[in-house]
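Student: only geometry, no sequence info:
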Ligand SMILES: [Zn+2]
């Protein structure tokens, strides 16, 4: 367990890296001049302190504040906070006493967050800790996590914190321009988990046969047609709608001058394991054009047996001309506390495994790169914010729009995951055409497309 001071250092490091992506040059220059100072008690502030944001390590609060949230709208942005701390005597609240974002002392140019930011941050980074919240595969079930029930993950908490601190700094330094003038357009990273290259493997065909049988029993003629033609197509055109979709996605990305990463799954076969061979994987990986990135989709046994992960990386690195420095865990089976060291030791610089598998939301309270609490781990973690089956699901449409529009206002990095086997697949007709529509929307909204290595290079100076 880290001490409060260690959490403070980690938090500030994360906020600073995030600000590089969240704000434009003007915003970053204002923000990088802000001093963050930790204090012990908000009622006992040294008279020597001037022009700073004070972060209380052990703030004074009323009872049970951690479960009480409030919402404030400033500059057209809704911000949700919780775990309120008490206002120091003779200080002012902004924008109101009931729903404050921060407290301030104009004489000394001091700012204090109105909530316990240290505890809030800890809540997110410790979400992996309890085994009772995990399913059989070892994934965290979102609605079993306390803060998920409070829906504190509806907004990117750290991006919001930076936004609030920037707003506070502009206010007490009498900047007249609105805060939106300091926010950068969202940075975008797109990746594809290549779970399947062809559709004629034993497991896929067995699933189709089973579904076909069910469709017969239910006299569902639409499904009979779908699974029967899927079965036949898989025999004669195994790569259609699967491996070949890689190039379909690249063609669409080209239209918008976007680039993406392909995370290949291969290695040992088995339950939930990959069904593509090494040779087949390399054949497809070699055909991915220059400018697009290749990474590893960590196999289901990667964190049980470190040789497996190392071997797969070695195969890609030896046989491809590209650097392989990024990846994501298959099924998001990844423990931030236990598994990060292995990734670091294997030279993974950017990981995209931090995500809910069962709902939308900012699981680690951040839309941008997260650094690990262990100083020896230099891997950056960019949580996957939007996975295809989740954000394209009709039940999640409103939530997706809310989260996306919120990010446009506060800034950050969005990571999208779109699988090759659902991009254009007659067995999943509900998704056909959606990828092109999505990219058009992102393009029209001026999102800036980056590759994982770009994010790493920008963050690198902050990592030491
Ligand atoms: Zn996968």
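Tutor: Arrived safely. Predicted model, so just to flag it, every value in this text is computed and none were measured.
Student: show me the biggest strand of this structure in terms of residues.
Tutor: Counting residues, the longest strand in the chain under DSSP state E turns out to be strand 187-194.
Student: mean confidence for it?
Tutor: Strand 187-194 shows an average pLDDT of 97 in the prediction.
Student: tell me which parts of the stretch 101-250 of the chain are close to the ion?
Tutor: Within the stretch 101-250 of the chain, the positions adjacent to the ion are 193, 195 by Cβ under 5 Å from the ion. Just so you know, the C-beta spots here come from the backbone N, C-alpha and C atoms, and that holds for glycine as well.
Student: Show me what residue of the chain gets nearest to the ion.
Tutor: residue 330 (3.8 Å; Cβ to the ion).
Student: Can you report how many residues neighbour that residue?
Tutor: Residues lying near residue 330 (other Cβ atoms under 10 Å) number 23.
Student: distance between the longest strand of the chain and the chain's centre?
Tutor: With Cα atoms, centre = their mean, to the nearest Å as the basis, strand 187-194 stands 11 Å off its chain's centre.
Student: Downstream of it, the next helix or strand is which one?
Tutor: Next helix or strand after strand 187-194 toward the C-terminus (DSSP states H and E): helix 202-217.
Student: Outside of that following helix itself, list whatever touches it.
Tutor: Outside helix 202-217, the residues within contact range by Cβ atoms under 8 Å, 6 or more residues apart in numbering are 196, 199, 220-221, 223-224, 226-228, 230-231, 234, 275.
Student: Need the max-distance pair from those.
Tutor: Greatest spatial distance among those (Cβ to Cβ): 221 and 275, at 29.6 Å.
Student: Between the two, point out the one with more neighbours.
Tutor: In terms of neighbours (other Cβ under 10 Å), residue 275 is the more surrounded of residue 221 and residue 275; the figures are 19 against 10.
Student: Grab the nearest non-local neighbour of that one.
Tutor: Spatial nearest neighbour of residue 275, excluding adjacent residues (Cβ to Cβ, 6 or more residues apart in numbering): residue 201 at 4.3 Å.
Student: So that neighbour versus residue 280, what's the distance?
Tutor: Distance from residue 201 to residue 280, counting by Cβ to Cβ, to the nearest Å: 11 Å.
Student: for the protein, what helix or strand is lowest in average pLDDT?
Tutor: Ranked by mean pLDDT, DSSP states H and E, the weakest helix or strand in the chain is helix 146-149, scoring a mean of 76.
Student: show me what contacts residue 27?
Tutor: Residues near residue 27 by Cβ under 8 Å, 6+ apart: 19, 166, 181-184.
Student: circling back: buried only: go through the contacts of helix 202-217 for me.
Tutor: 196, 199, 224, 226-228, 230-231, 234, 275 (16 or more other Cβ atoms under 10 Å).
Student: Let's have these in TSV, adding distance to residue 41 and secondary structure.
Tutor: Below are the buried ones among the contacts of helix 202-217 laid out as TSV (distance: Cβ to Cβ, whole Å; DSSP: H, G, I helix; E, B strand; the rest coil):
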residue	distance to residue 41	secondary structure
196	57	coil
199	63	coil
224	70	helix
226	65	helix
227	66	helix
228	71	helix
230	65	helix
231	69	helix
234	67	helix
275	58	coil
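Student: what's the helix or strand for residue 437?
Tutor: Element membership for residue 437, per DSSP H and E: helix 434-444.
Student: and the stretch 301-450 of the chain, which of its residues are near the ion?
Tutor: By the rule Cβ under 5 Å from the ion, the part of the stretch 301-450 of the chain lying against the ion is residue 330.
Student: Now do the strands in the stretch 301-450 of the chain.
Tutor: Along the stretch 301-450 of the chain, counting by DSSP state E, counting those that start in this stretch, strands occupy 326-329, 350-351, 370-371, 380-381, 386-387, 413-417, 448-449.
Student: now swap in the stretch 151-300 of the chain and tell me
Tutor: With DSSP E, counting those that start in this stretch applied, the stretch 151-300 of the chain shows strands at 187-194, 261-264, 293-298, listed in chain order.
Student: would you list these in JSON lines and tack on distance to residue 110 and mean neighbour count?
Tutor: Formatted as JSON lines, the strands of the stretch 151-300 of the chain follow (distance: least, Cβ to Cβ, whole Å; neighbours: other Cβ atoms under 10 Å):
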{"stretch": "strand 187-194", "distance to residue 110": "32", "mean neighbour count": "25"}
{"stretch": "strand 261-264", "distance to residue 110": "43", "mean neighbour count": "25"}
{"stretch": "strand 293-298", "distance to residue 110": "44", "mean neighbour count": "26"}
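Student: Of the ones you listed, give the one that comes closest to residue 38.
Tutor: Of all those, it is strand 187-194 that lies closest to residue 38, at 29.3 Å by Cβ to Cβ.
Student: Name the nearest residue to residue 370, ignoring sequence neighbours.
Tutor: The shortest distance from residue 370 to any non-neighbouring residue, by Cβ to Cβ, 6+ apart, is to residue 381 (4.4 Å).
Student: so who does residue 280 touch?
Tutor: Shown in contact with residue 280 (Cβ under 8 Å, 6+ apart): 197-198, 243, 266.
Student: Need the pLDDT of it.
Tutor: Note on residue 280: pLDDT of 92.
Student: Ok, residue 177 next?
Tutor: 94.
Student: so what's it up against?
Tutor: Listed by Cβ under 8 Å, 6+ apart, the contact set of residue 177 reads residue 170.
Student: State the distance from it to residue 102.
Tutor: 19 Å.
Student: Over to residue 117?
Tutor: Taking Cβ to Cβ as the measure, residue 117 and residue 102 are separated by 10 Å.
Student: Between the two, tell me which one has more neighbours.
Tutor: Each of residue 117 and residue 102 has its neighbours counted (other Cβ under 10 Å); residue 117 has more, 26 against 23.
Student: In this structure that one contacts residue 11, no?
Tutor: Yes: using Cβ atoms under 8 Å, residue 117 and residue 11 qualify as a contacting pair, with a distance of 6.9 Å.
Student: Could you pick out the longest helix of the chain?
Tutor: Ordering each helix of the chain by length in residues (DSSP state H) puts helix 4-22 first.
Student: which of the contacts of residue 280 lies closest to residue 3?
Tutor: residue 266 (42.1 Å).
Student: and that closest one, how many neighbours?
Tutor: Residue 266: 24 surrounding residues under other Cβ under 10 Å.
Student: The spatially most central residue of the chain: what's its closest spatial neighbour, skipping adjacent residues?
Tutor: In the chain, the residue lying closest to the centroid (Cα atoms, centre = their mean) is residue 383, at 2.0 Å. Once flanking residues are discounted, residue 383 sits nearest to residue 354: 4.0 Å by Cβ to Cβ, 6+ apart.
Student: Next one: that neighbour, what pLDDT does it get?
Tutor: Looking at residue 354, its pLDDT is 95.
Student: Could you pull up the residues touching it?
Tutor: Residue 354 neighbours (Cβ under 8 Å, 6+ apart): 332, 334, 336, 363-364, 370, 381-384.
Student: same thing but at 10 Å, please
Tutor: Counting by Cβ atoms under 10 Å, 6 or more residues apart in numbering, residue 354 touches 124, 127-128, 140, 328-329, 332, 334, 336, 340, 362-364, 366, 370, 381-385, 415.
Student: Dump the strands of the stretch 301-450 of the chain into TSV; add mean neighbour count as well.
Tutor: As requested, the strands of the stretch 301-450 of the chain are exported to TSV (neighbours: other Cβ atoms under 10 Å):
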stretch	mean neighbour count
strand 326-329	28
strand 350-351	28
strand 370-371	22
strand 380-381	23
strand 386-387	20
strand 413-417	24
strand 448-449	16
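Student: Many thanks, have a good one.
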